[in-house]
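[1] Have a look at this fold, sequence not included:
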């Protein structure tokens, strides 16, 4: 979290906070992005819960907030089953409990989801103080359509599950927002190109609101090629435009493939036509195989 000149103005105030669970959005980089209401809740909640307690302590220090003798509970993916009962006991006793993810809006790619479900199931009020979100910021600056979008989170780690995930989301008529590790984003772009074709518009947003913020815009293919051999660092959000409209009907596709097959091997012909028409290489390859087999019968 970056500290900027003039931060830590001590503007938070103690307020009468109703009992219940309060989700508090925190900065994704620049500490000044926190809202005044979020500071009030952090100053007033009787119990504080954080995905990363060190990050929350640092944020509170920047803004002049004192923890005092209030409990500060760690709640993350690895201890959720153990920590939830303790948090629920505080709620049952009528306390106000504020939860912060490490950065951004709680419950978005964050373990707060299970905490929310448990609190709701137990009949406790659940409230939220809206604020920073890497997904929404990336969408805002991507230049891609925002009238219909879908946050799909992180791709599955296992190859088979990831392939099914890519196929499932590929034809959704909406802009897609994807989180991925900087170490794996080049591979993921390659997989998107293989399944969806290389011509879909996309933006790669990195280190949002931080000192080395970067946005790369282009097609899936151009972003993949630009990252070849590049060692990225920091948080990455991919924003991907909706599927291309089919620019060729079946007859046009077959004509282009038959022409290419007269000059190239099946694999090369499929790649050439897929790139020219902006279609998924795998689908074009399957059609090329069918045409090749039909011509040999």
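    Received, thanks. Since we're looking at a predicted model, the values are computed, not measured. Numbers count the residues shown, from 1 in each chain.
[2] can you list contacts of stretch 174-189?
    With C-beta atoms under 8 Å, 6 or more residues apart in numbering as the test, stretch 174-189 has contacts from 109, 134-135, 138-139, 142, 144-146, 148-155, 169, 202, 204, 206, 220, 223-224, 227-228, 230, 232-242. C-beta: built from backbone N, CA, C; applies to glycine.
[3] could you flag which of the residues you listed are buried?
    109, 134-135, 138-139, 142, 144, 149, 151-152, 155, 169, 202, 204, 206, 220, 223-224, 227, 232, 235-242 (16 or more other C-beta atoms under 10 Å).
[4] ok, for the residue nearest to the spatial centre of the chain, nearest residue in space, not its chain neighbours?
    The centre of the chain sits closest to residue 179, judged by C-alpha atoms, centre = their mean, with a distance of 3.3 Å. Nearest residue to residue 179, sequence neighbours excluded (C-beta to C-beta, 6 or more residues apart in numbering): residue 154, at 4.9 Å.
[5] swap in residue 86?
    Spatial nearest neighbour of residue 86, excluding adjacent residues (C-beta to C-beta, 6+ apart): residue 73 at 6.4 Å.
[6] From residue 195, how far off is that neighbour?
    Relative to residue 195, residue 73 is positioned 42 Å away (criterion: C-beta to C-beta, to the nearest Å).
[7] what's residue 170 in contact with, if anything?
    By C-beta under 8 Å, 6+ apart, the contact list for residue 170 reads 195-196, 243, 280.
[8] Go again with 6 Å.
    Contact partners of residue 170, counting by C-beta atoms under 6 Å, 6 or more residues apart in numbering, are 195-196.
[9] Likewise for residue 101?
    Counted by C-beta under 6 Å, 6+ apart, residue 101 has contacts 51, 110.
[10] mind redoing it with 8 Å?
    26, 50-51, 107-108, 110-112.
[11] wait, doesn't residue 72 sit right on residue 48?
    Yes - under the criterion of C-beta atoms under 8 Å, residue 72 makes contact with residue 48 at 4.8 Å.
[12] Overlap in contacts, those two.
    In terms of C-beta under 8 Å, 6+ apart, residue 72 and residue 48 are both contacted by the residues residue 56.
[13] Going by secondary structure, residue 198 is in what exactly?
    Per DSSP states H and E: residue 198 is located in neither a helix nor a strand.
[14] ok, and the closest non-adjacent residue to it?
    The nearest residue in space to residue 198 (C-beta to C-beta, 6+ apart) is residue 221, at 2.8 Å.
[15] The one you found reaches residue 194, doesn't it?
    No - counting by C-beta under 8 Å, residue 221 stays clear of residue 194, with 10.5 Å between them.
[16] buried set for stretch 168-188?
    Buried-residue list, stretch 168-188, by 16+ other C-beta under 10 Å: 169-170, 174-180, 182, 184-186, 188.
[17] For residue 262, state which of the residues you listed is nearest.
    Nearest to residue 262 out of those is residue 170 (C-beta to C-beta; 30.3 Å).
[18] and the gap between that closest one and residue 125?
    Residue 170 is 40 Å from residue 125, by C-beta to C-beta.
[19] follow-up on the earlier one: can you pull the phi/psi pair for the residue nearest to residue 198?
    phi -70, psi -40 (degrees, to the nearest 10).
[20] can you count the residues close to it?
    Other residues lying near residue 221 total 19 when counted by other C-beta atoms under 10 Å.
[21] could you point out where this structure is predicted with low confidence?
    1-10, 245-249, 278, 296-297 (pLDDT under 70).
[22] where along it do the strands fall?
    Ranges of strands in the chain, per DSSP state E, are 20-24, 47-50, 72-74, 96-100, 126-129, 149-153, 175-180, 201-206, 214-219, 236-240.
[23] nearest to residue 275, of those strands?
    Residue 275 lies closest to strand 214-219 among these, at 10.4 Å (C-beta to C-beta).
[24] Could you list the paired strands of the closest one along with their orientation?
    Taking DSSP bridges as the criterion, strand 214-219 forms sheet pairs with strand 201-206 (antiparallel).
[25] Run through who's touching the partner strand.
    Counting by C-beta under 8 Å, 6+ apart, 134, 137-138, 141-144, 182, 185, 189, 212-220, 223, 227, 232, 234-241 sit against strand 201-206.
[26] What is the longest helix of the protein by residue count?
    Across the chain, the longest stretch assigned as helix under DSSP state H is helix 281-296.
[27] elements contacting that one?
    Here helix 281-296 touches helix 185-196, helix 250-261, helix 266-277, going by 3 or more C-beta pairs under 8 Å, 6 or more residues apart in numbering; DSSP states H and E.
[28] Identify each buried residue in the second one, please.
    It refers to helix 250-261. For helix 250-261, burial by neighbour count (16+ other C-beta under 10 Å) applies to 253-254, 256-257, 260-261.
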